[in-house]
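Trainee: can't give you the sequence, but here's the structure:
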């Protein structure tokens, strides 16, 4: 853990930690998934028995049943932390990813799309076992996404897949809470956090999903309270973490442990909670809200990019808002427009 | 061949042919492909050695080389005739498809997307041999698409895959010129045309691509002049077919063989050439021209839907314009909006 205290104008370079020798800005670890995105309405969600806006884990059989009932779709590389590192690379950051696919067609798509965006990736694909994981996404007319994840090969991510040297060389380690679902990946999560912490790097995590929080509350609270420097959550997730109903109560709870908490609130923007301050940052307006898939992932991408450069927290959150606004204006969880150009002075000024 | 003569107000129901007992409106046969769509500029096309706007056949090795140099992309079911039958189904027509995939991940995606749109499909996937075919598409900022096709499993479509009963039951058989590339598929093309002709059904073909026409000119001329009732081509393709420079010369050549020729001219709309008349139909304006992939396929979908209902040729072409306008306003070769709603009175009035 790098930050013991932080204020709203103190980025990582004002703090301890050997950030200057970093070969990477952000190293992300997550479940490697290809998204299968299609349109549907609330009636379809009812028929599928799906919890709107949430991520539900499904096995292969259930995934097949759901897919058979979904409309014609689009396949596009996804995975929460993968989306984030792609966003970091799109903003000019040096990013690396660790996550597991199989050596199948969708695995090849996933790897191609990462590398084509400039993200370093060198995890050996599994040559046996389940297929590359996928996330069946139903986007409703209100642009909400409801997700059903078949983890597939991503359950085979183990501590052996970690490149310690790479983790030590990254200013920020970024871990998705979803990694807690596959047991071996959870072990990899913990080991990666330890390696980064020992190297004096910034450890950041995202809580990922309300139900994910409920499945792993105790372990996630321990991480947030004692190991993470930077925590990303949406309002629902942070409330679920501390089992409280009011945001103020969650804020009061999270601020006394030294971590900076970045809480996203959809169109109400975000708040950045430090020990001594609560910053409020507006969302960027969008012309057309199409698909919220990847909104949190890209917010994190913008924030982390700014944080890795030592920008103040306000500017970090504004970068997050720019990246999130881009990704929710089209179908798919990764940027399509030139994020660096959209960020403009916020990035380069 | 069903039509010996046709005029601009004579659709198929005014003509000979047992159309009333038809269980299907359109049966399409083509190379089953999944599109891999990414953005690129003219410099990339130069580096790839690609002919802008054309479809180039590539082998597996070359496909791998091209893919490695392409940007992160989107995978979406494609295949020219498949796009067309999907459009017919979206407009409320009863459509069926014949084409070959492998039993792999992209093959499953292809089959799912067809069936989810309401297209009948029951061809057994190949369990050995090459992977499901794919089309690597580079979309340039001018919305032009440049295609590189690895035929993969689609070369294994053979006459054995034809369902004669289904072909006889369809008002219109629709065949893509691309089928001439794989030798066995060409044999299937010829057999399907013969079965439909013998059953008194409408035989329609699309010339598909200028280079495809050059590879198979003699055979395609024979088909257009002696077997097809309805021929779809863009201006470039019809000029290439007859090796002429002026559209008038191509029109003069095509009109004396009894087939109706539907020639698309991008933003200049289309012309419908019959023995006695040449109809000119305007293109539908689009707010935003994004990606021309599927423009010809969807034009054919609209036209065929109208033709199967006995609409006059003007109305058929207007339906084609509506469907084409939708598909060029977004990335991907298949409709995303409700085509039937967009067509409105043109379809139901």
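Mentor: Done, it's in. All figures in this text were calculated on a predicted structure; none of them were measured in a lab.

Trainee: in whatever helix or strand residue A:47 lives in, what counts as buried?
Mentor: Remark: residue A:47 resides in helix A:42-48, with elements defined by DSSP states H and E. For helix A:42-48, the neighbour count (16 or more other C-beta atoms under 10 Å in any protein chain shown) marks A:44, A:45, A:48 as buried. Backbone N, C-alpha and C define where each C-beta goes, glycine included.

Trainee: past it, which element shows up next along the chain?
Mentor: Remark: after helix A:42-48, the chain's next helix or strand is strand A:55-57, criterion DSSP H and E.

Trainee: against which helices or strands is the helix or strand following that next one packed?
Mentor: Next helix or strand after strand A:55-57 toward the C-terminus (DSSP H and E): helix A:60-69. Packing partners of helix A:60-69 (3 or more C-beta pairs under 8 Å, 6 or more residues apart in numbering or on different chains; DSSP states H and E): helix A:42-48, strand A:133-139, strand A:145-150.

Trainee: looking at these, which is nearest to residue A:330?
Mentor: strand A:133-139 (11.0 Å; C-beta to C-beta).

Trainee: quick one: contacts of that closest one?
Mentor: Here strand A:133-139 makes contact (C-beta atoms under 8 Å, 6 or more residues apart in numbering or on different chains) with A:31-40, A:44-45, A:48, A:50, A:55, A:58, A:63, A:66-67, A:70, A:78-79, A:101, A:106, A:145-155, A:290-291, A:293, A:331.

Trainee: stretch A:40-50 too?
Mentor: Stretch A:40-50 is contacted from outside by A:52, A:56, A:66, A:69, A:70, A:71, A:138, A:139, A:140, A:141, A:146, A:148, using C-beta under 8 Å, 6+ apart.

Trainee: what mean pLDDT does it have?
Mentor: For stretch A:40-50, the mean pLDDT works out to 96.

Trainee: please apply the same query to stretch A:106-116.
Mentor: 98.

Trainee: so how far is that stretch from its chain's centroid?
Mentor: With C-alpha atoms, centre = their mean, to the nearest Å as the basis, stretch A:106-116 stands 18 Å off its chain's centre.

Trainee: just the buried positions in that stretch, please.
Mentor: Buried residues in stretch A:106-116, counted by 16+ other C-beta under 10 Å: A:106, A:107, A:108, A:109, A:110, A:111, A:112, A:113, A:114, A:116.

Trainee: my guess is the fourth one contacts residue A:75. True?
Mentor: Yep, that's residue A:109 we're talking about. Yes: Residue A:109 is within contact range of residue A:75, at 7.0 Å (criterion: C-beta atoms under 8 Å).

Trainee: outside of stretch A:244-252 itself, list whatever touches it.
Mentor: Outside stretch A:244-252, the residues within contact range by C-beta under 8 Å, 6+ apart are A:235, A:238, A:239, A:241, A:242, A:253, A:261, A:263, A:271, A:273, A:278.

Trainee: surely the fifth one touches residue A:254?
Mentor: Just to be clear, that refers to residue A:242. Yes: between residue A:242 and residue A:254 there is a contact at 7.5 Å, judged by C-beta under 8 Å.

Trainee: okay, the two: which has more neighbours?
Mentor: residue A:254 (23 against 17; other C-beta atoms under 10 Å in any protein chain shown).

Trainee: just the pLDDT for the more buried one.
Mentor: 93.

Trainee: which parts of the stretch 101-250 of chain A sit against chain B?
Mentor: By C-beta under 8 Å from any C-beta of the partner chain, the residues of the stretch 101-250 of chain A that approach chain B are A:104, A:105, A:106, A:109, A:112, A:113, A:114, A:116, A:117, A:131, A:132.

Trainee: ok, the residue nearest to residue A:237 when sequence neighbours are not counted - contacts?
Mentor: Leaving aside its chain neighbours, residue A:237 sits nearest to residue A:207 (4.1 Å; criterion: C-beta to C-beta, 6 or more residues apart in numbering or on different chains). The neighbours of residue A:207, taking C-beta under 8 Å, 6+ apart as the test, are A:177, A:213, A:220, A:231, A:232, A:233, A:234, A:237, A:238, A:240, A:241.

Trainee: so of those residues, which ones are in strands?
Mentor: A:231, A:232, A:233, A:234 (DSSP state E).

Trainee: between the residues you listed, which is nearest residue A:320?
Mentor: The closest of the ones in strands among the contacts of residue A:207, once distances to residue A:320 are taken by C-beta to C-beta, is residue A:232, at 8.9 Å.

Trainee: on that earlier part again, pick out the lowest-pLDDT one from the contacts of stretch A:244-252.
Mentor: Per-residue pLDDT puts residue A:253 lowest of these, at 93.

Trainee: give me the pLDDT for residue A:21.
Mentor: Looking at residue A:21, its pLDDT is 80.

Trainee: what count of nearby residues applies to it?
Mentor: 8.

Trainee: go on, the one 5 residues further on?
Mentor: Other residues near residue A:26 come to 30 when the count uses other C-beta under 10 Å.

Trainee: is it true that it lies in a strand?
Mentor: Yes: assessed with DSSP: H, G, I helix; E, B strand; the rest coil, residue A:26 lies in a strand.

Trainee: mind showing which ranges of chain A have poor pLDDT?
Mentor: In the predicted model of chain A, residues A:1-20 satisfy pLDDT under 70.

Trainee: so where do the helices sit in it?
Mentor: Remark: helices assigned in chain A by DSSP state H are A:42-48, A:60-69, A:80-90, A:105-116, A:164-168, A:183-198, A:210-215, A:217-226, A:235-242, A:247-254, A:295-308, A:313-327, A:339-343, A:345-348.

Trainee: which one, of those, ends up nearest to residue B:23?
Mentor: Across those, closest to residue B:23 is helix A:60-69 (C-beta to C-beta), at 24.0 Å.

Trainee: may I see the buried residues of the closest one?
Mentor: A:62, A:63, A:66, A:67.

Trainee: the inter-axis angle of it versus strand A:133-139?
Mentor: Between helix A:60-69 and strand A:133-139, the angle comes out at 40 degrees (axes from the mean of the first three to the mean of the last three C-alpha atoms, to 10 degrees).

Trainee: and the angle from helix A:60-69 to strand A:145-150?
Mentor: Using the same axes, to 10 degrees: helix A:60-69 against strand A:145-150 is 140 degrees.

Trainee: and for helix A:60-69, what's in contact with it?
Mentor: If you take C-beta under 8 Å, 6+ apart as the criterion, helix A:60-69 is touched by A:36, A:44, A:47, A:48, A:58, A:130, A:134, A:136, A:148, A:150, A:152, B:112.

Trainee: what sits in contact with each of residue A:109 and residue A:75?
Mentor: Taking C-beta under 8 Å, 6+ apart as the contact rule, residue A:109 and residue A:75 both touch A:34, B:75.

Trainee: tell me the buried residues in stretch A:277-289?
Mentor: Quick answer for stretch A:277-289 (16+ other C-beta under 10 Å): A:279, A:281, A:283, A:284, A:286, A:289.

Trainee: in strands, which of those appear?
Mentor: A:279, A:281.

Trainee: now tabulate the buried residues of stretch A:277-289 in JSON lines and tack on distance to residue B:326.
Mentor: Output for the buried residues of stretch A:277-289, formatted as JSON lines (distance: C-beta to C-beta, whole Å):
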{"residue": "A:279", "distance to residue B:326": "44"}
{"residue": "A:281", "distance to residue B:326": "38"}
{"residue": "A:283", "distance to residue B:326": "31"}
{"residue": "A:284", "distance to residue B:326": "29"}
{"residue": "A:286", "distance to residue B:326": "23"}
{"residue": "A:289", "distance to residue B:326": "21"}
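
Trainee: on that earlier part again, next up, phi/psi of the residue nearest to residue A:237, please.
Mentor: phi -70, psi -20 (degrees, to the nearest 10).
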